[in-house]
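In: Sequence below, structure please.
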Amino acid sequence: MPTPTAGLVVHPDRLLPVDPSVRGLARTLYEAVRDLPLVSPHGHVDPRMLLDDVPFADPAALFVTPDHYVTRLLHASGVPLEDLGVGQGPLDEAAARRAWQLLCTHWSVFRGTPVRYWLESELSELFDVTLRPSAETADAIYDQLASRLATPEYRPRALFDRFRLEVLATTDDPCDDLAVHDALAADPTFGGRVIPTFRPDRYLESAEPGWAEAVRRLGSVADVDTGTYAGWVAAMEARRRYFVEHGARSADHAHVDAGTYPLQPTEAERIYAAALAGTATSDESVALRRHMLLEMARMACDDGLTMTLHTGVLRGHHTPSKLRFGPDTGHDIPLRGDFTEPLRPLLERFGTHPNLNLVLFTLDETVFSRELAPLAGFYPAVYVGAPWWFLDAPDSIRRWRSAITETIGFSRTAGFIDDTRAFCSIPARHDMSRRLDAGFLAQLVAEHRLEEDEAMDTAIDLVAGRAREVFKL
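Out: Numbering: from 1, shown residues only. Prediction:
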């Protein structure tokens, strides 16, 4: 059993290949990209954190409470979400210490997980923690973290610079006035680039509670009458233009499925009117959303926003927890993926359009080589997004690379997507990706399938080129 003073060890060669003849080359490739700037084209960090630049409240608020990766496994291990501060807003010190104590006490449940990898990297490399988290060391680590968080070097803007973040994209409601983004862009004391992302999901799901009121507000903000289907479309177009004018480079879509089936104009108008009246059937609501997702691709061809599509997740699987704690609290569960037929209407219309970049993500590993890679291997508009969420783990990413590279190589991918709300995990996540890609490329060189200079060019491109090109940065 580990002693209370067991050390926190972060090995310099972690995640690199075990074979020493391959590890040496992997280390060389990794060293070439390790310190390159980070490009984060899709994430969920609140931009107000950077505008206000106030110190982080406490270690629990930084590492535990907002991170559903952390809270979900603790919950599965018998820790109530309320004891972790989920859905409660700012915590007093006693509650924050309690949440932190629970993380450290249950540290063993994270063995072998990417969460353990990220947390160890953050604690060791950002905060110089040398103690392994445990029930006995929790208070000492908490005090060390709290002491650091009270210093100017650990305020959000200072960390933004320390992380070498070149671009940070946020996720924003179409009705957002983007005033925070404007203020950051105009602030001469902040040199970073923080851009909004258009996220219209709630306005496409007409069966969801509050949808009719949401589209009325959308019309008010866009100064367009959304009482008709044509007005709904026009309001979306107007708000997309507004986002483009304020620096947006992508529109993000997350639905249960990837369906993009067209409706006749009269049928779209009829279903839309029924949805506003609250009389549309569930099948009609799905048909309207699939039709509107197709319209979003058309709009992307017009305004140039990269279209990212995350599908195959049943969000809020545990209704009591959703009602009590809200969304994004750890109980969203993957579903089977299906892209080939559902996306065919979209791709037949826009798959060769020069202005469309469509990035596809999935949680279903069975479609990596069967559907996603073949689609990206033919359609110029399609790129395969790196594993995200449940699959943003070392072995998942290795399986992903192996499954898609034989069909599309490296150029039809979109760079690394950290997709995180946990601000301090951003550099750890990107570092993980860089190490894994270095190992994969080194193995290709060792097998004489790639020359060393090509591996070096590719390693750099995966970090510095793919995301910039695909997200038009």
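In: dump the residue contacts of residue 261.
Out: Going by CB atoms under 8 Å, 6 or more residues apart in numbering, residue 261 touches 287, 290, 291, 294, 342, 345. In this view, the C-beta of every residue, glycine as well, is placed from N, C-alpha and C.
In: Please pick the buried ones from these.
Out: Buried members of those, counted by 16 or more other CB atoms under 10 Å: 287, 290, 291, 294, 342, 345.
In: now the contacts of residue 261 in CSV, with distance to residue 115 and pLDDT?
Out: CSV is the format used below for these (distance: CB to CB, whole Å; pLDDT from 0 to 100):
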residue, distance to residue 115, pLDDT
287, 39, 98
290, 35, 98
291, 39, 98
294, 37, 98
342, 32, 98
345, 38, 98
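In: Give the buried residues for stretch 136-151.
Out: For stretch 136-151, the neighbour count (16+ other CB under 10 Å) marks 136, 137, 138, 141, 142, 144, 145, 146, 148, 149 as buried.
In: excluding its backbone neighbours, what's nearest the fifth one?
Out: Right, residue 142. Ranked by CB to CB, 6 or more residues apart in numbering and with sequence neighbours excluded, the top spatial neighbour of residue 142 is residue 100, at 4.9 Å.
In: Could I get the buried residue list for stretch 307-327?
Out: Across stretch 307-327, burial judged by 16+ other CB under 10 Å covers 307, 308, 309, 310, 311, 312, 313, 316, 321, 322, 325.
In: Could I get these in CSV, plus columns for distance to residue 250?
Out: Shown next, in CSV, are the buried residues of stretch 307-327 (distance: CB to CB, whole Å):
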residue, distance to residue 250
307, 7
308, 6
309, 11
310, 12
311, 16
312, 19
313, 19
316, 25
321, 30
322, 27
325, 29
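In: Can you tell me which of these comes closest to residue 472?
Out: residue 307 (11.5 Å; CB to CB).
In: Surely that closest one touches residue 360?
Out: No. At 9.5 Å, residue 307 and residue 360 do not qualify as touching, with contact defined as CB atoms under 8 Å.
In: thinking again about what came up before, check the residue nearest to residue 142 and give its pLDDT.
Out: pLDDT for residue 100: 97.
In: do the same with residue 2
Out: You'll see residue 2 listed with a pLDDT of 45.
In: who touches stretch 77-96?
Out: Contacts with stretch 77-96, where a contact means CB under 8 Å, 6+ apart, come from 57-61, 64-65, 70-71, 74-75, 98-99, 102-103, 106, 109, 321, 324-326, 329-330.
In: For stretch 350-364, output the C-alpha coordinates as CSV.
Out: Output of stretch 350-364 as CSV, limited to C-alpha atoms (Å, rounded to 0.1, in the frame of the first residue of the first chain):
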residue,chain,number,x,y,z
PHE,A,350,-22.5,20.4,-50.6
GLY,A,351,-19.8,17.7,-50.2
THR,A,352,-17.7,19.2,-53.1
HIS,A,353,-18.5,22.8,-52.3
PRO,A,354,-15.2,24.7,-52.0
ASN,A,355,-16.4,26.8,-49.1
LEU,A,356,-17.6,24.0,-46.8
ASN,A,357,-15.4,22.3,-44.2
LEU,A,358,-17.4,19.6,-42.3
VAL,A,359,-15.7,18.0,-39.3
LEU,A,360,-17.2,14.7,-38.1
PHE,A,361,-16.9,13.4,-34.6
THR,A,362,-18.3,10.2,-33.1
LEU,A,363,-18.2,8.2,-29.8
ASP,A,364,-18.7,4.9,-31.8
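In: Which residue ranges of the stretch 201-350 of the chain form strands?
Out: Using DSSP state E, counting those that start in this stretch, the strands of the stretch 201-350 of the chain run over 250-255, 306-311, 313-314, 333-334.
In: Can I get those in TSV including distance to residue 40 and mean pLDDT?
Out: Rendered in TSV, the data for the strands of the stretch 201-350 of the chain read as follows (distance: least, CB to CB, whole Å; pLDDT from 0 to 100):
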stretch	distance to residue 40	mean pLDDT
strand 250-255	12	96
strand 306-311	13	96
strand 313-314	21	87
strand 333-334	23	88
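In: To residue 170, which of those strands lies closest?
Out: Of all the strands of the stretch 201-350 of the chain, strand 250-255 comes closest under CB to CB, at 10.4 Å.
In: and that closest one, what other elements does it pack with?
Out: Judged by 3 or more CB pairs under 8 Å, 6 or more residues apart in numbering; DSSP states H and E, strand 250-255 is in contact with helix 201-204, helix 282-303, strand 306-311.
In: quick one: which of these is nearest residue 355?
Out: The closest of these to residue 355 is helix 282-303. By CB to CB, the value is 4.9 Å.
In: Ignoring the adjacent residues along the chain, who's closest to residue 446?
Out: Of all residues not flanking residue 446 in the chain, residue 22 sits nearest, at 4.8 Å (CB to CB, 6+ apart).
In: host element of that neighbour?
Out: Assigned by DSSP states H and E, residue 22 belongs to helix 20-33.
In: so what does that helix touch, helix or strand wise?
Out: Contacts defined by 3+ CB pairs under 8 Å, 6+ apart place helix 20-33 against helix 426-446, helix 452-464.
In: Need these in JSON lines (columns: mean pLDDT and mean neighbour count).
Out: Putting the helices and strands packed on helix 20-33 into JSON lines (pLDDT from 0 to 100; neighbours: other CB atoms under 10 Å) gives the following:
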{"stretch": "helix 426-446", "mean pLDDT": "97", "mean neighbour count": "23"}
{"stretch": "helix 452-464", "mean pLDDT": "98", "mean neighbour count": "18"}
